[in-house]
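Colleague: When you get a sec, could you give me coordinates for this:
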Amino acid sequence: MWPMMYVNLFSQLEYAQAGVLVRERDIDAQHLSVLAEAGLVEYAGIDMYSDCHDCPLGTGCPVERMGGTDDDPEYVAICPAGEYLIYREADLRQWRLTAPAVARVLLDQVGEASHVEEIVPHRLWSVGRIGRDVSVFLFLGIRRKDAAMIAAPLHERLKLHKGLVVVFAELPATGVLPQHAVAVSLGEVLRVEETAVVVDREHLEGLAASLVGTKVKSAHQPISTPAHFTWSQVRIEFISDEDVRIWTVGEPVVKTYEELGMANTRNGRPLKSWQLLWEFAGHEGVYDLSHPSVLYAPEKIAHRGSRQPLTAFSGKLGTALSDLAGHLSKLFPTIPGRPIAEYDARKHQYRAEIRLGWEPGYRERKRREYRGE
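Modeller: Presented below is the predicted three-dimensional model:
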């Protein structure tokens with residue numbers, strides 16, 4: 001487990017939004033090396049104030065360079081009491097521990113997400129998932145005044161999902177977490193070893209397993225559009241495997257598959273309709289024989305007078321696209337017509353009336369993922 005010094009640093013994060021500063025001389029050199037290698041602390045420069053606790057300035061007396069060599073500079077602070085305080089650079093070097101750094105360490109070892117997402121500034125971060133069933137969050141500051149600010153977005157994120165919430169010190173007050181979420185102290189899951197910082201994934205997985213049996217309800221809110229709005233004026237763009245950005249009028253909104261009613265109510269995983277929407281968007285809303293579906297692969301059919309079988313779309317694809325069109329129509333109930341056109345036999349093509357795509361940065365990330373970069 002963490003030495004007491006690090007436990008205290010974590011608890012201080014609740015009161016220091018910009019992070020906790022600590023002088024290098026106050027951290028064991030081996031532990032500092034491990035913390036820095038893990039990215040938990042970052043170098044924060046030279047502290048140009050003394051550490052005299054009797055200074056009436058409150059911040060310490062200003063420190064100035066007074067001599068020494070370039071390799072070993074010497075600094076001095078003149079105390080109001082008339083005393084000189086001599087410092088070496090090693091005495092003044094400082095490091096910073098921040099909550100985002102802790103979140104990144106959790107992300108690296110929890111996995112199944114591409115980046116840390118800050119949900120509530122300085123308070124709540126999403127750090128990935130355990131499997132496809134349980135989202136993992138980092139919670140900073142469990143004071144009573146924080147509860148209302150944090151509870152609403154957390155309940156919204158866990159409306160159709162389970163959650164495992166890692167907290168720095170005290171567990172959240174009753175009512176802050178949804179029923180299908182559980183809190184765990186950071187000290188229970190994070191420890192420093194001789195050569196690495198380690199997340200106790202086995203403990204997290206055990207807590208996650210206790211949540212898997214909790215059933216969540218499927219629900220979604222229709223998206224309103226102005227009168228006379230058409231499908232061609234709507235754009236849905238994937239920005240991750242689980243999130244889309246939707247344009248109608250004004251600023252776009254970001255929705256998860258759960259918020260769009262495309263989650264399996266038994267386990268919280270995406271329905272096949274979400275996977276189909278994702279694939280269709282990857283083809284910019286067009287399926288043809290040059291850009292076929294992998295989910296519903298084309299079939300080989302015999303053709304009279306030909307020795308070679310012909311390639312044709314699977315009948316299951318047409319049915320699945322029809323179901324997807326029905327779901328999109330429920331999401332945008334005021335838009336008339338079909339969001340996905342009928343099959344065009346002449347062009348051998350399925351085409352979306354709604355504009356679909358992958359955000360360029362996301363497409364590039366997937367390209368690298370497929371290539372193993």
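Colleague: Touching, V253 and D243? I think so.
Modeller: No - using C-beta atoms under 8 Å, V253 makes no contact with D243, being 10.6 Å away. Bear in mind the C-beta positions are built from the backbone N, C-alpha and C, glycine included.
Colleague: Neighbour count for those two, which is higher?
Modeller: D243 (17 against 12; other C-beta atoms under 10 Å).
Colleague: OK, contacts around that one?
Modeller: Shown in contact with D243 (C-beta atoms under 8 Å, 6 or more residues apart in numbering): 254-257.
Colleague: Among those residues, which one has the most neighbours?
Modeller: Neighbour max across those (other C-beta under 10 Å) = Y257, 25 neighbours.
Colleague: Tell me which residues touch it, please.
Modeller: Y257 neighbours (C-beta under 8 Å, 6+ apart): 242-243, 263, 270-271, 274.
Colleague: just to revisit the earlier point, nearest to K316, out of the contacts of D243: which one, please.
Modeller: Proximity of the contacts of D243 to K316 was ranked by C-beta to C-beta; the top entry is Y257 with 20.8 Å.
Colleague: any idea of the pLDDT on the closest one?
Modeller: pLDDT, Y257: 88.
Colleague: measure it to F313 for me?
Modeller: 25 Å (C-beta to C-beta, to the nearest Å).
Colleague: A208 now?
Modeller: In this view, A208 and F313 are 39 Å apart by C-beta to C-beta.
Colleague: And R201, by the same measure?
Modeller: Distance from R201 to F313, by C-beta to C-beta: 43 Å.
Colleague: More neighbours: these two, which one.
Modeller: More crowded of R201 and F313, by other C-beta under 10 Å: F313, with 21 against 15.
Colleague: which ones are touching that one?
Modeller: F313 neighbours (C-beta under 8 Å, 6+ apart): 287, 292-293, 296, 298-299, 343, 348, 350.
Colleague: Could you say which of these is surrounded by the most neighbours?
Modeller: Y287 (24 neighbours).
Colleague: so that one makes contact with S314?
Modeller: No - the criterion here is C-beta under 8 Å, and Y287 misses it with S314 at 10.5 Å.
Colleague: which residues are in contact with both of the two?
Modeller: Joint contacts of Y287 and S314 (C-beta under 8 Å, 6+ apart) are S293.
Colleague: Now render the contacts of D243 as a markdown table, adding distance to S135 and secondary structure.
Modeller: Listed next are these as a markdown table, based on distance: C-beta to C-beta, whole Å; DSSP: H, G, I helix; E, B strand; the rest coil:
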| residue | distance to S135 | secondary structure |
| --- | --- | --- |
| V254 | 15 | strand |
| K255 | 15 | strand |
| T256 | 10 | strand |
| Y257 | 12 | coil |
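Colleague: Now distance to A152 too, for those, in JSON lines please.
Modeller: Compiled in JSON lines, these are given as follows (distance: C-beta to C-beta, whole Å):
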{"residue": "V254", "distance to A152": "16"}
{"residue": "K255", "distance to A152": "17"}
{"residue": "T256", "distance to A152": "16"}
{"residue": "Y257", "distance to A152": "21"}
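Colleague: returning to what we had before: now, the most widely separated pair of the contacts of Y257?
Modeller: D243 and L271 (15.4 Å).
Colleague: all strands of the stretch 251-373 of the chain, in order?
Modeller: 253-256, 286-288, 299-301, 310-312, 349-351, 355-358 (DSSP state E, counting those that start in this stretch).
Colleague: Out of these, which gets nearest to I78?
Modeller: strand 253-256 (54.9 Å).
Colleague: In CSV, list the strands of the stretch 251-373 of the chain along with distance to H122.
Modeller: Shown next, in CSV, are these (distance: least, C-beta to C-beta, whole Å):
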stretch, distance to H122
strand 253-256, 20
strand 286-288, 44
strand 299-301, 54
strand 310-312, 55
strand 349-351, 46
strand 355-358, 31
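Colleague: right, and the ones you listed - which one's nearest A36?
Modeller: Here strand 253-256 is closest among these (C-beta to C-beta), at 34.3 Å.
Colleague: which other residues reach that closest one?
Modeller: 157, 223, 239, 242-246.
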